[in-house]
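Peer 1: give the three-dimensional model of this entry:
(chains A and B)
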Amino acid sequence: MTTLDFRPRVLVTKIGLDGHDRGSRIVAAACRDAGMEVIYTPPWQSIAAVVKLALEEDVDVVGISSLATDHLIVPKLMRALREAGLGHIVVVVGGIVPDNEEAMLLESGVREVFHPGSTMDEITTRIRAYAGEARRAGQNSPLAQETQP
Amino acid sequence: MNKRLESPLTAAHAASDAKARWQREYGETIGADRKVTNVSGIAIQPLYGSDDWANYGQSDPLGYPGQPDYTRGIYATMHRGRTWTQRQLIGLGTPDDYNTRLLEIMARGATAVSLIPCNSVYRGYDMSSVEPELLGTCGVVVNNAEHMARCLEGVDVGEISCAMNDPSPFTLLAFMLVTAERRGIDWNKITGTSNQSDYISHFVANHMFYRLSLPGARRVLMDHITWCNEHVPRWNPMSVVGQHMQQAGATPAEAMAFTLATAVQNAEDCIARGMDPDHFLPRFTFFFDISMGFFEEVAKFRAGRRIWARLARERLGAKDPRSWRFKFHGQTSGVDLTRQQPLNNIARVTAQAMAGIFGGLQSLHTDSYDEVFSTPSEAGARIAVATQNILREEAHLTDVIDPLGGSFYVESLTDEMEERIVSIMKTIDDAGGMYKAVESGLVQRMIGASAMRFQQRVESGEQVIVGVNAYRADDDAATRPAVARPDAAAMQRHLDAFAAWKAERSPSSVNAALDGLTHAAEDEQRNVFGAVVDAARAGLTNEEICTRLRRDLGFGQPLAFV
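Peer 2: Numbers count the residues shown, from 1 in each chain, chains lettered A, B, ... in the order given. Modelled structure (predicted):
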């Protein structure tokens, strides 16, 4: 696989209870415009639904948008992804995350938290790099090897 | 030296070539002039004069406050007579927490109640059905009439205006009416607003609803308006919301146009039911965002006010002046607040509040500077209330009615915003009205495109945001507050008490109340909101009511696209 034909697959979604989607729509559009394959959902996905979609769509990166405290359940998502054998997928969070709650997210395995003021260029550059990492890690993951002929 | 100025004051500009000379000097001095366009897309000139104001030179170019078309305000006395209502939106934690905070802000000057429920309530769930980490983090956890009674303990709901941030099916109002009834308070005395009764804005923009289908939500709203007009006559059952759409990215002109189009849709739905516009329109109110573009916001409100007066009279056929008055609540803009250098948000909120006040609002919520991190801290909420007190009493903003009226810029911009708003409304009309325009996703696409354009304005530097794309500080982490979440032990007690309360109810009375909802939903002649009030009285919870109505009136999903 060359860099040229690498097309990151990114799931942009919201979990929990909040429905404000200005941020997720803009980030999803920026990723699409940067040449990525974007899977986009309505808000309020359950953790189980995100895991299922990530598996079925074979995504490299999951981007969780959070305005109104839904980041507090992201550690549960991280656990569920690992339990499903999807530990290679890189998860990033964007939105309102207070400083004193960021460590909890990073410790749970979230790769990066994008705060308000991040530019679309910063976000898409990072997501592209993470997607490359995830794709390489995924090819070595037990799940990928099981499905090899 | 002669210290007396003897020449007449008008002499300097009396020369006939004054304007041409200014234009020449301006052009020579400024060199390449930058192009300035406001968020709504209107080109902004460097100077406005009498040529730019269409009505200039008429003997009364603006009319008078309290008189149609109300450009200068809907009441003769405006803020000089009765200041705006200080309505601070609060909600957090348990009903005990809410009550403590409410009594505190009222002691500090807030003159009305506004209750914002936990996101679980918006979404139609009881606390036992959601991830416990999320409970009470964005609003108060109110699931039944008992919880509402505790929230409002010590507040005379017959005297104080109460706004409920209460999307369809309006369970919070139902809980409040049951609370009033149990206290022996006459419903005829109750005043306030169903702040989030506009199902269209929820479907389009913030999606804080419980996924009732669009036709179902339309029916419930009509029933709500009819029922409140009859049983709680001083209650405002219809708040048409532009705030959600502007926060989601609509330009100020779009937000005003979509809101007016929504009001027309709802009013025409009421008329189609056989209601007299002069019976329900006096109880219509509006709820808007006030963003950072100071003059654009002032012009938005002045233009919206006079468009509404014409719509109410000419299109909706209202004859009573009370139907023509554009009563609105304004909230300063959360999306404009920055995480960087957060104390700067106090200045932003102040500028936004001033735009709303000069725009002639009836009620105001000022955001706390720390709303960019979480629901407001107590200290943040205190500053937000003080900001209003300072503007009113120290800065004397209430002394003169419509103080910006007659400014060439403000009048010209009001005219241009009016034109822009009317043209966007035409697009909506051509699409078959607001209901059809949101069903097809037209409005959602327009909002998405505008949100993207604004993001590009920021990223290109055309729109400066202090601390974000200009004037950055190297490290401002020390200025960001640590956020506290509701006390987990207190929330657990609230959960346990709720479970115990539910277990004590008689299953047969619960089932009878659920059947009552179904009977109302199945029979167009019955009133669904009346059945919601009966259900609240009989002890049904928010989730029980929402789930049953969603079953009977249909499930709805917002349109999601990039």
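Peer 1: report how many residues lie close to the closest residue to A:A84 other than its chain neighbours.
Peer 2: Using CB to CB, 6 or more residues apart in numbering or on different chains and skipping residues adjacent in sequence, the residue nearest A:A84 is A:V51, 5.0 Å away. For glycine as for every other residue, the C-beta is placed from the backbone atoms N, C-alpha and C. Residue crowding around A:V51 was assessed by other CB atoms under 10 Å in any protein chain shown; the count is 21.
Peer 1: where does A:V51 sit relative to chain B, distance-wise?
Peer 2: Taking CB to the nearest CB, to the nearest Å as the measure, A:V51 and chain B are separated by 15 Å.
Peer 1: how about chain A: which residue is closest to chain B?
Peer 2: In chain A, no residue comes nearer to chain B than A:G19, which is 2.7 Å away by CB to the nearest CB.
Peer 1: helix or strand: which one has that residue?
Peer 2: Applying DSSP states H and E as the criterion places A:G19 outside every helix and strand.
Peer 1: residue contacts, the nearest residue in space to it that is not next to it in sequence?
Peer 2: If the residues on either side of it in the chain are set aside, A:G19 comes closest to B:H207, at 2.7 Å by CB to CB, 6+ apart. The contact partners of B:H207, by CB atoms under 8 Å, 6 or more residues apart in numbering or on different chains, come to A:G19, A:H20, A:D21, A:P42, A:P43, A:W44, B:P558.
Peer 1: can you do 10 Å?
Peer 2: Under the criterion of CB atoms under 10 Å, 6 or more residues apart in numbering or on different chains, the contact partners of B:H207 comprise A:14, A:18-21, A:42-44, B:122-123, B:201, B:244, B:248, B:557-560.
Peer 1: quick check: it vs B:G73, distance?
Peer 2: 34 Å (CB to CB, to the nearest Å).
Peer 1: just the element for the residue most central in space within chain A, please.
Peer 2: The residue at the geometric middle of chain A, judged as the C-alpha nearest the mean C-alpha position with CA atoms, centre = their mean, is A:V62 (1.5 Å). Remark: A:V62 resides in strand A:61-66, with elements defined by DSSP H and E.
Peer 1: can you name the element that comes right after that strand?
Peer 2: The C-terminal neighbour of strand A:61-66 among helices and strands, as given by DSSP H and E, is helix A:74-83.
Peer 1: in the chain, where is pLDDT below threshold?
Peer 2: By default, I'm working from chain A. Segments of chain A classed as low confidence (criterion: pLDDT under 70) are A:1-4, A:142-149.
Peer 1: ah, I was thinking of chain B
Peer 2: Going by pLDDT under 70, which is the cut-off in play, chain B has low-confidence ranges at B:1-14.
Peer 1: where do the strands sit along chain B?
Peer 2: In chain B, the segments counted as strands under DSSP state E are B:85-86, B:113-115, B:162-164, B:192-194, B:235-236, B:238-241, B:284-290, B:328-332, B:363-365.
Peer 1: from the chain's centroid, how far away is the second one?
Peer 2: Meaning strand B:113-115. Taking CA atoms, centre = their mean, to the nearest Å, one finds the center of strand B:113-115 at 13 Å from the center of the full chain.
Peer 1: one step back: so the residue nearest to the centre of chain A makes contact with A:A54?
Peer 2: Yes: here A:V62 lies in contact with A:A54, judged by CB atoms under 10 Å, at a distance of 5.7 Å.
Peer 1: give me the common contacts of those two.
Peer 2: A:L11, A:T13, A:I39, A:L77, A:L81, A:L86, A:I89, A:V91.
Peer 1: which of those residues are close to chain B?
Peer 2: With CB under 10 Å from any CB of the partner chain as the criterion, the shared contacts of A:V62 and A:A54 include A:T13 near chain B.
Peer 1: need the shared contacts of A:V62 and A:A54 in CSV (columns: neighbour count, distance to B:L221 and secondary structure).
Peer 2: Converted to CSV, the shared contacts of A:V62 and A:A54 look like this (neighbours: other CB atoms under 10 Å in any protein chain shown; distance: CB to CB, whole Å; DSSP: H, G, I helix; E, B strand; the rest coil):
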residue, neighbour count, distance to B:L221, secondary structure
A:L11, 23, 35, strand
A:T13, 25, 30, strand
A:I39, 18, 34, strand
A:L77, 28, 35, helix
A:L81, 21, 40, helix
A:L86, 20, 43, coil
A:I89, 28, 42, coil
A:V91, 24, 39, strand
